[in-house]
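> Quick one, fold the following:
(one chain, ligands or ions: 1)
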Amino acid sequence: MAENKKSALFVCLGNICRSPMAEAVFTHLVKERNLTDKWFIDSAATSDYHTGESPDSRARSVMEGHAIQMNHRARPLVANDFRKFDFIFGMDKSNIRDIKCQAPKNCKAKILLLGDYDSEGPCIIQDPYYGVGDEGFEKVYEQCMRCCKAFLDKES
Ligand code: 4NP
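From the prediction side, this is the model:
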C-alpha cells in the first residue's frame with residue numbers, strides 16, 4: 001500500500017452483513033487509537049449477489065446500537081485487491097476457499113480467517129443472513145470486536 005499504510009480487507013459472501021460490520025468495527029478501533037493515517041480499510045464480497053447495496057438493516061441496527069458508523073456499498077472482490085491489501089480476512093472456511101480460488105499468482109495479501117484472532121473462539125463467524133432478528137448480528141458484532149482488537153494489538 002502507498003504512503004506506508006497497512007491495509008486490511010474484510011470479505012464475506014454477500015458483503016452486506018459480516019464483512020461491512022468487521023470493516024466498521026476495525027475502522028472504529030483505528031480511529032479510537034488515532035491510527036487513521038496508518039491504515040487503509042475496506043470490505044468486499046466473494047459473490048456479486050448484492051453489489052451496490054447498503055448493509056442489511058439488521059446489521060445497521062446492531063451497529064447503531066453500539067454507536068459505530070457503517071458506510072459501505074457492497075462490491076465484489078477483484079484481482080487488484082490481492083496486490084493492494086496486506087491482509088484479506090474471510091469470515092468462514094467457505095469464504096477462505098473462495099478467496100484463495102480467486103487469488104492471482106502475484107498475490108501479496110495474507111489470506112486469514114478473522115476468527116483465528118478470537119481468544120474466546122469459535123473461529124468461524126457464521127452467516128447471520130438467514131437467521132431471524134438481530135441475535136446472530138449481535139454475535140457477529142461481538143466476535144468482530146474481539147478479533148479486530150486482537151489483530152490491531154498485534155499489528156500496531
Ligand atoms: P454476508 O451474509 O456474507 O455476511 O454478507 C450474506 C448475505 C447475503 C447472502 C448470503 C450471505 N445471500 O445469499 O444473498
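
> Surely L9 touches N95?
No. The pair L9 and N95 does not pass the contact test of C-beta atoms under 8 Å, sitting 11.7 Å apart. (C-beta placed from N, C-alpha, C; glycine too.)

> Who has more neighbours out of the two?
Each of L9 and N95 has its neighbours counted (other C-beta atoms under 10 Å); N95 has more, 27 against 24.

> Flag every residue of this structure that's near the ligand.
With C-beta under 6 Å from any ligand atom as the criterion, the chain meets the ligand at residues C12, L13, G14, N15, I16, C17, R18, Y49, D127, Y129.

> just checking, what packs against the biggest helix by length in the chain?
Longest helix in the chain by number of residues, with DSSP state H as the criterion: helix 135-155. Packing contacts for helix 135-155, counted by 3 or more C-beta pairs under 8 Å, 6 or more residues apart in numbering; DSSP states H and E, involve helix 18-32, helix 57-65.

> Of all the residues in it, which ones are buried?
Judged by neighbour count using 16 or more other C-beta atoms under 10 Å, the buried positions of helix 135-155 are 136-138, 140-141, 143-149, 151-152.

> now it against helix 57-65, angle please.
Relative orientation of helix 135-155 and helix 57-65, computed by axes from the mean of the first three to the mean of the last three C-alpha atoms, to 10 degrees: 60 degrees.

> Only the C-alpha atoms, please, for helix 135-155, written as CSV.
Provided in CSV are the C-alpha atoms of helix 135-155 (Å, rounded to 0.1, in the frame of the first residue of the first chain):
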residue,chain,number,x,y,z
GLU,A,135,-29.4,-12.0,17.6
GLY,A,136,-27.0,-13.5,15.0
PHE,A,137,-25.9,-10.0,14.1
GLU,A,138,-25.1,-9.1,17.7
LYS,A,139,-22.9,-12.2,18.0
VAL,A,140,-21.1,-11.2,14.8
TYR,A,141,-20.5,-7.8,16.3
GLU,A,142,-19.0,-9.3,19.5
GLN,A,143,-16.8,-11.7,17.5
CYS,A,144,-15.6,-8.9,15.2
MET,A,145,-14.9,-6.6,18.2
ARG,A,146,-12.7,-9.3,19.9
CYS,A,147,-10.9,-10.3,16.7
CYS,A,148,-10.3,-6.7,15.4
LYS,A,149,-8.9,-5.6,18.8
ALA,A,150,-6.6,-8.6,19.0
PHE,A,151,-5.4,-8.1,15.3
LEU,A,152,-4.9,-4.3,15.9
ASP,A,153,-3.0,-5.0,19.2
LYS,A,154,-0.7,-7.4,17.2
GLU,A,155,-0.2,-5.1,14.2
